[in-house]
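# Sequence first, predicted coordinates after that:
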Amino acid sequence: MKEIDTFLDSLWLERGASDHTLSAYRRDLTVWAAHLESLGQELLEPAPEALGEWLEHRREAGYQLRSNARLLSSLRSFYRWGLLQGLIRHDPLTEVRLPRVRPGLPNTLTEDEIERLLAAPDITQPLGMRDRAMLELLYACGLRVSELVGLSTDALNLRQGVVRVRGKGDKDRLVPLGEEAAYWLGRYLESTRGALMRDATRPALFPGRNDQAMTRQTFWHRIKAHARTAGIERPLSPHTLRHAFATHLLNHGANLRVVQLLLGHSDLSTTQIYTHVAQARLEALHAEHHPRG
């Protein structure tokens, strides 16, 4: 649809929105436009009651409150853009309130579970060595999975012990590797990466098929398989190691703003969710310093 395409182009040009963000906006707007079409309504001129009725229908159908909130946020951005562009005379969502969603606590792993997960890949096999290096890097740097699989070889500097990461909005940040991650990455680059590629000059640091960068979905399946090997039964998410990175740093006394920089969060409030799960550090400080501890 022309209006949706033009809106997404403006998001990319003006905000530097990532492909993942643009895909989510397109999905939300396309579903909403199809719903309006089924009612005989236009995307730019929905009936005032249409959205409220649809959100209620989605709630009854089992959609989570968080899903509806994200959807409404996408539509709100679209209609505000339409108003600024003169495509509509008034915002049809002015009186619609976003559902209040309480932030959920991140699902994370204990330090013992992390050690078992990192040791799960069979490093006698090329794919196992690749996976071990990926897991070590993911946990050592708190990367998003999309950031990890998108790394090229020139983003890594083992001599200086840093990796250059391109995050949301195409913003780059330098993240220290740590000795363990640097060790496993060095072993992987020396002994394994070339064996996994037909053309070792291709840029993907962690190749999947046809010398191309591994997809997020493929790596997610690999994580789940290694978790089963490690005997980890709790549910995981693609961000589990990122959550563990942040939580364990705070447990060991890291400053919240340092964690914010390492994670690439633009807003400190996004990082503060981890203070709710970093209880071990707080309890240890209380026991050590409080006279009644």
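Sure thing, it's come through. Residues are numbered from 1 along each chain as shown.

# Going by C-alpha atoms from here, please, whenever you check contacts or count neighbours.
Will do.

# Strands of the stretch 151-293 of the chain, residue ranges please.
156-157, 162-166, 172-176 (DSSP state E, counting those that start in this stretch).

# The shortest one pairs with which strands, parallel or anti?
By that I understand strand 156-157. strand 162-166 (antiparallel) (DSSP bridges).

# could you check the angle strand 172-176 makes with the partner strand?
Strand 162-166 runs at 150 degrees relative to strand 172-176, counting by axes from the mean of the first three to the mean of the last three Cα atoms, to 10 degrees.

# returning to what we had before: wait, which of the strands of the stretch 151-293 of the chain is closest to Leu148?
strand 162-166 (8.1 Å; Cα to Cα).

# Alpha carbons of that closest one, in PDB - could you do that?
Output of strand 162-166 as PDB, limited to C-alpha atoms (Å, rounded to 0.1, in the frame of the first residue of the first chain):
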ATOM      1  CA  VAL A 162      37.100  -5.000  21.500                       C
ATOM      2  CA  VAL A 163      34.300  -5.600  19.100                       C
ATOM      3  CA  ARG A 164      32.600  -2.900  17.100                       C
ATOM      4  CA  VAL A 165      28.800  -3.500  17.200                       C
ATOM      5  CA  ARG A 166      26.200  -1.800  15.100                       C
END
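
# State the three-state secondary structure for Leu75.
Put simply, Leu75 is helix when judged by DSSP: H, G, I helix; E, B strand; the rest coil.

# Would you check how far apart Ile114 and Met134 are?
Distance from Ile114 to Met134, counting by Cα to Cα, to the nearest Å: 13 Å.

# The closest residue to Arg15 other than its chain neighbours - how many residues pack around it?
Distance criterion Cα to Cα, 6 or more residues apart in numbering; nearest residue to Arg15, sequence neighbours excluded, is Gly169 at 7.1 Å. Gly169: 13 surrounding residues under other Cα atoms under 10 Å.

# which of the strands of the stretch 151-293 of the chain is buried the deepest?
Comparing the strands of the stretch 151-293 of the chain by mean neighbour count (mean count of other Cα atoms under 10 Å), strand 162-166 comes out on top with a mean of 20.

# Go ahead and name everything in contact with that strand.
For strand 162-166, the external contacting residues (Cα atoms under 8 Å, 6 or more residues apart in numbering) are Glu147, Leu151, Ala155, Leu156, Asn157, Asp172, Arg173, Leu174, Val175, Pro176, Leu177.

# Confirm for me that Gly264 is in contact with Arg173.
Yes. If you go by Cα atoms under 8 Å, Gly264 and Arg173 touch, sitting 7.0 Å apart.

# what touches both of those two?
Common neighbours of Gly264 and Arg173 (Cα under 8 Å, 6+ apart) are Gly167.

# average pLDDT for stretch 84-95?
For stretch 84-95, mean pLDDT is 84.

# Please apply the same query to stretch 212-231.
Rounded mean pLDDT across stretch 212-231 is 91.

# swap in stretch 147-164?
93.

# For it, measure first residue to last.
10 Å.

# ok, and for that stretch, which residues are buried?
Neighbour counts over stretch 147-164 (16 or more other Cα atoms under 10 Å) mark Glu147, Leu148, Val149, Gly150, Leu151, Ser152, Ala155, Leu156, Leu158, Val162, Val163, Arg164 as buried.

# Stretch 176-183 now?
So stretch 176-183, judged by 16+ other Cα under 10 Å, has buried residues Pro176, Leu177, Ala181, Ala182.

# where in the stretch 151-293 of the chain is pLDDT low?
Within the stretch 151-293 of the chain, the stretches falling below the threshold (pLDDT under 70) are 266-293.

# try 90
Along the stretch 151-293 of the chain, the model assigns pLDDT under 90 to residues 165-176, 178, 198, 200-201, 208-217, 220, 233-293.
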